[in-house]
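Participant: Sequence and predicted model, in that order:
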Amino acid sequence: MDLSIATEAHADAHVVDVGGDLDVYTAPQLKAALDGLVSEPKTAVLDLSRVHFIDSTALGVLAAALQEKRAAGGEIYLVIGDPHLLKIFRITGFHALFRVFSGLEQALEAV
(Lines give C-alpha, C1' and ligand atoms only; values in the text may rest on other atoms or scores of the structure.)
Protein backbone atom coordinates (compact mmCIF):
# COMPACT_ATOMS: atom_id res chain seq x y z
CA MET A 1 0.00 0.00 0.00
CA ASP A 2 1.20 3.51 -0.78
CA LEU A 3 1.95 5.94 1.99
CA SER A 4 0.58 9.46 2.05
CA ILE A 5 1.99 12.15 4.31
CA ALA A 6 0.79 15.74 4.52
CA THR A 7 2.04 18.36 6.96
CA GLU A 8 0.04 21.37 8.05
CA ALA A 9 1.16 24.13 10.40
CA HIS A 10 -1.25 25.19 13.14
CA ALA A 11 -0.75 27.98 15.68
CA ASP A 12 0.77 25.75 18.36
CA ALA A 13 1.59 22.55 16.51
CA HIS A 14 2.52 20.89 13.26
CA VAL A 15 0.00 18.25 12.19
CA VAL A 16 1.37 15.37 10.17
CA ASP A 17 -1.43 13.38 8.53
CA VAL A 18 -0.28 9.86 7.67
CA GLY A 19 -2.22 7.32 5.62
CA GLY A 20 -1.27 3.78 4.66
CA ASP A 21 0.90 1.11 6.23
CA LEU A 22 4.06 2.03 8.12
CA ASP A 23 6.61 -0.68 7.51
CA VAL A 24 10.20 -1.27 6.46
CA TYR A 25 9.41 0.05 2.97
CA THR A 26 7.60 3.25 3.99
CA ALA A 27 9.51 4.09 7.19
CA PRO A 28 12.13 6.14 5.27
CA GLN A 29 9.33 8.38 3.94
CA LEU A 30 8.03 8.91 7.47
CA LYS A 31 11.54 9.69 8.71
CA ALA A 32 12.06 12.21 5.91
CA ALA A 33 8.76 13.93 6.76
CA LEU A 34 9.65 14.14 10.45
CA ASP A 35 13.29 15.20 10.00
CA GLY A 36 12.38 18.83 9.40
CA LEU A 37 10.05 18.97 12.41
CA VAL A 38 12.04 17.30 15.17
CA SER A 39 14.52 20.14 15.69
CA GLU A 40 11.74 22.63 16.53
CA PRO A 41 10.31 23.03 20.04
CA LYS A 42 6.77 23.21 18.59
CA THR A 43 4.63 20.12 19.28
CA ALA A 44 4.09 17.72 16.41
CA VAL A 45 0.79 15.86 16.21
CA LEU A 46 0.98 12.71 14.10
CA ASP A 47 -2.48 11.81 12.91
CA LEU A 48 -2.27 8.05 12.39
CA SER A 49 -6.04 7.58 12.16
CA ARG A 50 -5.65 6.34 8.55
CA VAL A 51 -2.82 3.93 9.46
CA HIS A 52 -3.79 0.31 10.11
CA PHE A 53 -0.40 -1.37 10.40
CA ILE A 54 2.98 -0.42 11.84
CA ASP A 55 6.09 -2.58 12.12
CA SER A 56 9.20 -2.36 14.29
CA THR A 57 11.11 -0.30 11.74
CA ALA A 58 8.48 2.44 11.75
CA LEU A 59 8.20 2.25 15.56
CA GLY A 60 11.94 2.86 15.66
CA VAL A 61 11.52 5.94 13.46
CA LEU A 62 8.86 7.28 15.85
CA ALA A 63 11.01 6.59 18.93
CA ALA A 64 14.04 8.33 17.40
CA ALA A 65 11.91 11.31 16.34
CA LEU A 66 10.48 11.59 19.85
CA GLN A 67 13.94 11.56 21.39
CA GLU A 68 15.14 14.33 19.04
CA LYS A 69 11.95 16.33 19.55
CA ARG A 70 12.23 16.21 23.32
CA ALA A 71 15.90 17.22 23.12
CA ALA A 72 14.73 20.31 21.21
CA GLY A 73 12.14 21.07 23.91
CA GLY A 74 9.14 19.76 22.00
CA GLU A 75 6.75 16.85 22.11
CA ILE A 76 5.08 14.41 19.72
CA TYR A 77 1.44 13.46 20.21
CA LEU A 78 -0.20 10.60 18.35
CA VAL A 79 -3.76 10.25 17.10
CA ILE A 80 -4.69 6.57 16.79
CA GLY A 81 -8.19 5.55 15.79
CA ASP A 82 -7.67 1.92 14.76
CA PRO A 83 -8.02 -0.45 17.74
CA HIS A 84 -5.59 -2.92 16.13
CA LEU A 85 -2.94 -0.23 15.78
CA LEU A 86 -3.52 0.88 19.36
CA LYS A 87 -3.07 -2.75 20.43
CA ILE A 88 0.35 -2.81 18.73
CA PHE A 89 1.32 0.31 20.68
CA ARG A 90 0.14 -1.25 23.94
CA ILE A 91 1.87 -4.61 23.34
CA THR A 92 5.16 -2.91 22.54
CA GLY A 93 4.88 -0.42 25.40
CA PHE A 94 5.02 2.54 23.01
CA HIS A 95 1.72 3.88 24.36
CA ALA A 96 3.66 4.85 27.49
CA LEU A 97 6.20 6.89 25.50
CA PHE A 98 3.71 9.05 23.63
CA ARG A 99 0.55 10.92 24.55
CA VAL A 100 -2.06 9.06 22.52
CA PHE A 101 -5.42 10.54 21.56
CA SER A 102 -8.41 9.05 19.78
CA GLY A 103 -9.11 12.20 17.75
CA LEU A 104 -7.21 15.10 16.20
CA GLU A 105 -9.31 17.71 17.97
CA GLN A 106 -8.44 16.22 21.36
CA ALA A 107 -4.73 16.24 20.54
CA LEU A 108 -4.80 19.85 19.36
CA GLU A 109 -6.69 20.93 22.49
CA ALA A 110 -4.00 19.26 24.63
CA VAL A 111 -1.25 21.24 22.91
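Facilitator: All right, it came through fine.

Participant: all contacts plus neighbour counts: C-alpha atoms, from now on.
Facilitator: Fine.

Participant: And what about the residue nearest the centre of the chain, helix, strand or coil?
Facilitator: Geometric centre of the chain, nearest residue: residue 46, 3.6 Å, by Cα atoms, centre = their mean. The three-state label given to residue 46 by DSSP: H, G, I helix; E, B strand; the rest coil is strand.

Participant: Any idea what it is bridged to?
Facilitator: In this entry, residue 46 is beta-bridged to residue 16, residue 78, by DSSP bridges.

Participant: residues in contact with it?
Facilitator: Going by Cα atoms under 8 Å, 6 or more residues apart in numbering, residue 46 touches 15-18, 76-79.

Participant: distance of it from residue 78?
Facilitator: From residue 46 across to residue 78, the span is 5 Å (Cα to Cα, to the nearest Å).

Participant: what's the spacing between the residue nearest to the centre of the chain and residue 29?
Facilitator: 14 Å.

Participant: Residue 63: neighbour count?
Facilitator: If you count neighbours by other Cα atoms under 10 Å, residue 63 ends up with 16.

Participant: check which helix or strand covers it.
Facilitator: In this assignment (DSSP states H and E), residue 63 forms part of helix 56-71.
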